[in-house]
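> could you work out the structure for the sequence below:
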Amino acid sequence: MTGVQTCALPIFVGLLSLALTGWLWHHENQAAEARMRADFDFSVRQSVSRIEARVASYEQMLRAARGLFEASDEVSKEDFQRFVTALIGGPEFSGVQLMAFTPRLPAADIPRHVATRKALGDTDYTIRPGDETDPVAPVTYVAPPTPGNRAALGHNLYTDPLRRKAMLQACDSGGIAITSRIALLIDAPLKKPAFAIYRALYAKGHPSDAPASRQAALEGWVHMAFRLADMIASMPGEGSPGIALRIYDGPEAVPAQLMFDSDPDAASATPRFTAIEHIEFPQHSWTLQVRSTPGFELGHSNNPAHIIAGAGICVSLLLALFTWQLVTGRARAFAKAQAMTRELREREEHMRHMAQHDPLTQLPNRALFSDRLQAALARARRERSPAALMFVDLDHFKPVNDACGHAVGDSLLIAAAERMRECLRESDTLARIGGDEFVVLLPHIDSRDDARQVAERIRASIALP
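Residues are numbered from 1 along each chain as shown. Model (predicted):
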């Protein structure tokens, strides 16, 4: 009976420690899952933002081209080509296949228009097909003037229902209109997924403040065409590692409308995370399906959970052994086990704190501030409420370091951080991002005046001797 009593306590302690290890392991796995979900959501937002920014740059390009026609009495082919060549030289316009000018002509003006184009050097210019619509919309200028792009000259865009629909939408709205998926003439017969964006040109001096008046003043369009795959490939940055992106034409993820798949080989694998986002254009939309790949999980391997499991098992065995050896001093052994467990937690908390805070001022560092900033932006978008971000730089800090030494400079930084922290609410964030540079995040404000008042408080506090 004595032997059973002697073994009972070590076994109990060992099982209890293993249970605690299991709980910590489970807790860390849940935390890792939450971190992966947050990283995935950030990657989704990043993918959507990059595409929206690129399409917005295309819209700016069309706006500039329309400005060229509005500012000139007459724009020649050479003027147009020089303008577009200079414009698309920037990286933000990479992926554009061509930009074109297309007038709207009644059928009666076709002979005069063709004769004019031939007289100006386009000797093989014809409108094709030209007898199916009245009016016609022939491509008249293209840039850059590559052989493939020149093949589009004279093509009557009104014969394509998808293009004609977008052209009429651009005319009626006064803004841009994007087509559904089309195939560029240069890509026949491969039919790579492509799109065209149109912006209408109106006669000078005519009212264009309503759809009817815009239709009456319509002279033509400036437009650009691009392949979706080229546009995605030309976007800056390397994208999000471990994230696969599919883009569908339309408001739903229909397989028949799939236009782009960044990782077709991952189609058979079941993703851990998926998300559906929509990019809205005037009277058109794209659907983005974002999914994680095995590489995403490999990039988020949960080493802390493995460490907790391994360390916990070892500690459990040691505790059981020590308890068995010191069974006569059970209270002391139990206290030691508690101390070891507490030390593990404190060490983990200390390491987490060191990874997220500046060692001098104990303020949040760049990594923790970035997380809080993303959370504040997400809340601001969701609730449509304002937030404020301020950059604080201490003037004349370097002369203090040079004259008094780094120890005094460090004391100055600590004092400045404490003064700024006293000017903020608990919900606000003050972070040091390097040297004498700080940032302040105000996630809950009612107006810009609130942020201005906080800035004045900080400035007044720092100014005190």
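> pull the number of nearby residues for residue 31.
The tally of other residues near residue 31 (other C-beta atoms under 10 Å) stands at 13. For the C-beta atoms, the positions are set from N, CA and C on the backbone; glycine is no exception.
> which SSE is it in?
When secondary structure is defined using DSSP states H and E, the element that contains residue 31 is helix 2-71.
> so how far is that helix off the chain centroid?
Computed by C-alpha atoms, centre = their mean, to the nearest Å, the separation of helix 2-71 from the middle of its chain amounts to 16 Å.
> output the contacting helices and strands for the next helix or strand after that helix.
Using DSSP H and E, the helix or strand that follows helix 2-71 towards the C-terminus is helix 77-87. Using 3 or more C-beta pairs under 8 Å, 6 or more residues apart in numbering; DSSP states H and E as the contact criterion, the neighbours of helix 77-87 among helices and strands are helix 2-71, strand 96-103, strand 141-143.
> quick one on the thing from earlier: avg pLDDT for the helix holding residue 31?
Throughout helix 2-71, pLDDT has a mean value of 82.
> quick thing: my sequence starts at 421, can you match it?
Sure, I'll start numbering at 421, so the last one becomes helix 422-491.
> residue contacts, residue 806?
When the contact criterion is C-beta atoms under 8 Å, 6 or more residues apart in numbering, the partners of residue 806 are 800, 865-868.
> from those, pick the one nearest residue 654.
Comparing these against residue 654 with C-beta to C-beta picks out residue 800 as the nearest, at 30.2 Å.
> how about that closest one, nearest residue that isn't a chain neighbour?
Beyond its immediate neighbours in the sequence, the residue positioned closest to residue 800 (C-beta to C-beta, 6 or more residues apart in numbering) is residue 807, lying 4.6 Å away.
> picking up where we left off before, which one of the helices and strands packed on helix 497-507 lies closest to residue 789?
For the helices and strands packed on helix 497-507, distance to residue 789 was read as C-beta to C-beta. The smallest value, 14.6 Å, belongs to helix 422-491.
> just to revisit the earlier point, go through the helices and strands packed on helix 497-507 and name the closest to residue 695.
Ranking these by their distance to residue 695 (criterion: C-beta to C-beta) puts helix 422-491 first, at 4.7 Å.
> for the stretch 571-720 of the chain, just list every one of the helices.
Listed from the start of the chain, the stretch 571-720 of the chain has helices (DSSP state H, counting those that start in this stretch) covering 581-593, 631-637, 648-654, 714-718.
> pLDDT weak spots in the stretch 721-870 of the chain?
Low-confidence segments of the stretch 721-870 of the chain, defined by pLDDT under 70: 721-726, 729, 740, 743-744, 746-755.
> can you pull out the strands in the stretch 621-770 of the chain?
Here the stretch 621-770 of the chain has its strands, by DSSP state E, counting those that start in this stretch, at 638-647, 663-669, 678-681, 694-701, 704-712.
> which one of those lies nearest to residue 480?
strand 638-647 (11.3 Å).
> just list what that closest one packs against, helices and strands only.
If contacts are counted by 3+ C-beta pairs under 8 Å, 6+ apart, strand 638-647 sits against helix 422-491, strand 516-523, helix 581-593, strand 614-622.
> dump the helices and strands packed on helix 497-507 to JSON lines, plus distance to residue 650.
What follows is those, written out as JSON lines (distance: least, C-beta to C-beta, whole Å):
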{"stretch": "helix 422-491", "distance to residue 650": "11"}
{"stretch": "strand 516-523", "distance to residue 650": "7"}
{"stretch": "strand 561-563", "distance to residue 650": "17"}
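> how far is stretch 613-621 from where the chain is centred?
Relative to the mean C-alpha coordinate of its chain, stretch 613-621 is positioned 24 Å out (C-alpha atoms, centre = their mean).
> export the strands of the stretch 621-770 of the chain to CSV and tack on mean neighbour count and distance to residue 626?
CSV is the format used below for the strands of the stretch 621-770 of the chain (neighbours: other C-beta atoms under 10 Å; distance: least, C-beta to C-beta, whole Å):
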stretch, mean neighbour count, distance to residue 626
strand 638-647, 23, 9
strand 663-669, 22, 35
strand 678-681, 18, 38
strand 694-701, 14, 27
strand 704-712, 21, 27
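> figure out which of these is closest to residue 544.
With respect to residue 544, and counting by C-beta to C-beta, the nearest of these is strand 638-647 at 21.2 Å.
> neighbouring contacts of the closest one?
Applying C-beta under 8 Å, 6+ apart, the set of residues contacting strand 638-647 is 478, 481-482, 485-486, 489, 515-524, 557, 587, 590-591, 604, 607, 612-623.
> go again with 6 Å.
Residues external to strand 638-647 that are found in contact with it (C-beta atoms under 6 Å, 6 or more residues apart in numbering): 482, 485-486, 515-524, 587, 591, 604, 612, 614, 616-621, 623.
> tabulate the helices and strands packed on strand 638-647 in a markdown table, adding columns for distance to residue 674.
As requested, the helices and strands packed on strand 638-647 are exported to a markdown table (distance: least, C-beta to C-beta, whole Å):
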| stretch | distance to residue 674 |
| --- | --- |
| helix 422-491 | 19 |
| strand 516-523 | 25 |
| helix 581-593 | 17 |
| strand 614-622 | 17 |
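> between those, which gets nearest to residue 829?
Of the helices and strands packed on strand 638-647, nearest to residue 829 by C-beta to C-beta is helix 422-491, at 35.4 Å.
> and the angle for the closest one with strand 516-523?
Counting by axes from the mean of the first three to the mean of the last three C-alpha atoms, to 10 degrees, helix 422-491 points 30 degrees away from the direction of strand 516-523.
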